[in-house]
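Undergrad: Take this sequence and fold it.
(one chain, ligands or ions: 1)
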Amino acid sequence: MSESAIKELYQKIGICPQVYDYGKHIEDQLKERFQKLEETAEYNQLKVLHAMQKNRVSEACFYPSTGYGYNDVGRETLEQVYADIFHTQAALVRPQITCGTHALAVALFGNLRPGDELLSPVGRPYDTLEEVIGIRSQKGSLAEYGVTYRQADLKENGTFDYPAIEQALTPKTRLVTIQRSKGYQTRPSFSVAQIGELIAFIKKRRPDVICMVDNCYGEFVDILEPSDAGADLMAGSLIKNPGGGLAPIGGYIVGKKELVEQAACRMTCPGLGKEVGASLDVKQSFYQGLFLAPTVVKGALKGAIYAAALYESLGYPVLPGSQEPRQDIIQAVTLGTPEKVIAFCQGIQAAAPVDSYVVPEPWDMPGYDSPVIMAAGAFVSGSSIELSADAPIRPPYAVYFQGGLTWEHAKAGILMSLEKLTEAGLVQL
Ligand SMILES: *Cc1c(COP(=O)(O)O)cnc(C)c1O
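TA: The predicted model follows:
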């Protein structure tokens, strides 16, 4: 195929030849980097396939359940598949878990009791968890139930402050929560090895403390998961990596049997635990999305690296850098002004398959403490394994870009963000 044919199509969706050429020159430098991602995806694809075969996934697993959802074999099999993939004793994988925040909240509320203390050894947690914990006061927070919170901040260079963590571990500490991905922060995300080291440090001093990991955006980025490195409990969202773009809702919690059961008693209620919860007709999408997830994550990672390389070449600070190892699918680009952040997000939106004609604007989103602009023209509302960009409108005016169900689409989105920035005269090529 001639390059002019593809350039013409790019032009039809609004990307000019100059922007295309700029992107092409960036992409040409990334071949080796992309090859490594193929290897990770291959490993993870086999891991998922093996877990599905081992658990004898069959067509009957996809049949809907209704009402109480007792004896939902498809649900129970899927939970065993998750447990096998993450190498844990148990799993909860449910449409009743509404999002990642909910999964984390269920895991926390299920395993903490009045008088216990929760510790974050990695600085402030994800914005929405501040209200779950009660860092920002909210009805029904852990603080209202008498669970206290302590935090050890990261060092200036983004690494763990071990003396501060040691000091923050008190006799009251019951659970330590470690967020793998940076979320909306400009700190680095942690590797599984780093998380393993931190957990070993904590366990050495307090073997009885529960180590939980917020694994949102981290699934299938590496061949190992935090649960392979000592995490007792882990949670995430199905409209991010493990849903593979097909799960229309849901969250998961994996870990030690006892801890997952405690979470189940919070997710439904004491006594019923994981025995109830009809799956309606979502199971096929959960299975099929999980099956596709390693490949989808690979595409999203290619997009993230491409965005990093492209904006780095234009002189913007990016996190992680285009040459750095990846721990999650999020790419932060510090654009430095609200106008650039808004133009970037409007470009991502304009490249979407759904709602491409909509122009996103910043708004006061529940759970966040500054206005947020979100670009997402997704098949599943709010899905951030699909091509999306979010930015809190606050200094340093960084935009967080993630997802893309295919690498080709991620690439088009990034080119479109550059197109909007150049059209507005905010960036010169
Ligand atoms: C997305 C995310 C959450 C919250 O998930 P929601 O599904 O948006 O509620 C929590 N922690 C991290 C690190 C995340 O990326």
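
Undergrad: need the residues of this protein near the ligand, please.
TA: In this structure, the chain approaches the ligand at residues 99, 100, 101, 126, 128, 179, 181, 183, 214, 216, 217, 237, judged by CB under 6 Å from any ligand atom. For every residue, glycine as well, the C-beta is placed using N, CA and C.

Undergrad: what's the closest of those to the ligand?
TA: residue 100 (2.4 Å; CB to the nearest ligand atom).

Undergrad: What are the boundaries of the strands in this protein?
TA: 90-94, 117-120, 148-151, 173-179, 210-214, 233-237, 251-255, 318-319, 331-334, 372-376, 388-392, 398-402 (DSSP state E).

Undergrad: Hmm, residue 195 is touching residue 212, no?
TA: No. Counting by CB atoms under 8 Å, residue 212 is not a contact partner of residue 195; they are 10.9 Å apart.

Undergrad: Find residues that contact each of those two.
TA: Common neighbours of residue 195 and residue 212, counting by CB atoms under 8 Å, 6 or more residues apart in numbering, are 178, 231.

Undergrad: List the residues that contact the spatially most central residue of the chain.
TA: Centroid-nearest residue in the chain, with CA atoms, centre = their mean: residue 217, separated by 2.0 Å. By CB under 8 Å, 6+ apart, the residues touching residue 217 are 180, 181, 236, 240, 241, 328, 329, 330, 384, 402.

Undergrad: circling back to that earlier point, out of the strands of the chain, which gets nearest to residue 67?
TA: Proximity to residue 67 (CB to CB) singles out strand 90-94 among the strands of the chain, at 15.3 Å.

Undergrad: So which elements touch the closest one?
TA: helix 73-85, strand 251-255, helix 257-267 (3 or more CB pairs under 8 Å, 6 or more residues apart in numbering; DSSP states H and E).

Undergrad: how big is the angle separating the second one from strand 210-214?
TA: Think strand 251-255. On the basis of axes from the mean of the first three to the mean of the last three CA atoms, to 10 degrees, strand 251-255 is oriented at 150 degrees to strand 210-214.

Undergrad: same thing with the longest one?
TA: Per the same axes, to 10 degrees, the angle that helix 73-85 makes with strand 210-214 is 100 degrees.

Undergrad: Give the rounded mean pLDDT of helix 73-85.
TA: The pLDDT scores in helix 73-85 average 98.

Undergrad: list the contacts for residue 73?
TA: Residue 73 touches 60, 61, counting by CB under 8 Å, 6+ apart.

Undergrad: Next one: it relative to residue 51, how far apart?
TA: 16 Å (CB to CB, to the nearest Å).

Undergrad: thinking again about what came up before, just the helices and strands packed on strand 90-94: most buried one?
TA: Comparing the helices and strands packed on strand 90-94 by mean neighbour count (mean count of other CB atoms under 10 Å), strand 251-255 comes out on top with a mean of 30.

Undergrad: Residues contacting that strand, please?
TA: So strand 251-255 is contacted by 82-83, 86, 88-94, 97-100, 102-103, 106-107, 212, 227, 231-238, 242, 260, 263, 267 (CB under 8 Å, 6+ apart).

Undergrad: run the last query once more with 7 Å
TA: 82-83, 86, 88, 90-94, 97, 99-100, 102-103, 106-107, 227, 232-238, 242, 260, 263 (CB atoms under 7 Å, 6 or more residues apart in numbering).

Undergrad: end to end, how far does stretch 244-252 reach?
TA: Chord length of stretch 244-252, first to last residue, is 13 Å (CA to CA, to the nearest Å).

Undergrad: Contacts only, for the residue nearest to residue 281 when sequence neighbours are not counted.
TA: Distance criterion CB to CB, 6 or more residues apart in numbering; nearest residue to residue 281, sequence neighbours excluded, is residue 64 at 4.3 Å. By CB under 7 Å, 6+ apart, residue 64 lies in contact with 279, 280, 281.

Undergrad: Mind jotting down where the helices sit in the protein?
TA: For the chain, the helices defined by DSSP state H cover 3-12, 17-27, 31-54, 73-85, 100-111, 127-133, 162-168, 192-205, 257-267, 283-313, 338-350, 407-423.

Undergrad: Quick one: mean pLDDT over the last one.
TA: The average pLDDT within helix 407-423 is 98.

Undergrad: same for it, what does it pack against?
TA: Contact analysis of helix 407-423 by 3 or more CB pairs under 7 Å, 6 or more residues apart in numbering; DSSP states H and E lists helix 17-27, helix 283-313, helix 338-350 as its packing neighbours.

Undergrad: Just put the ones you listed in TSV and tack on mean neighbour count and distance to residue 250.
TA: Converted to TSV, those look like this (neighbours: other CB atoms under 10 Å; distance: least, CB to CB, whole Å):
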stretch	mean neighbour count	distance to residue 250
helix 17-27	17	34
helix 283-313	24	7
helix 338-350	24	24
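
Undergrad: From one end of stretch 81-100 to the other, what's the distance?
TA: Rule used - CA to CA; the end-to-end distance of stretch 81-100 is 19 Å.

Undergrad: Okay, buried residues for it please.
TA: Applying a neighbour-count criterion of 16 or more other CB atoms under 10 Å, one finds 81-86, 88-100 buried in stretch 81-100.

Undergrad: ditto for stretch 44-62
TA: 44, 45, 47, 48, 51, 52, 55, 57, 61, 62.

Undergrad: Would you pull up how far that stretch lies from the middle of the chain?
TA: The chain centroid and the centroid of stretch 44-62 are separated by 23 Å under CA atoms, centre = their mean, to the nearest Å.

Undergrad: swap in stretch 225-232?
TA: 16 Å.

Undergrad: Check stretch 90-109 too.
TA: With CA atoms, centre = their mean, you get 14 Å for stretch 90-109.

Undergrad: can you give me the end-to-end distance of it?
TA: 18 Å.

Undergrad: List the contacts of that stretch.
TA: With CB under 7 Å, 6+ apart, stretch 90-109 has contacts from 78-79, 82-83, 118, 128-129, 132, 142, 175, 212, 214, 216, 233, 235-237, 240, 249-255, 257, 260, 263-264, 266-267, 274, 277, 279-280, 282, 286.
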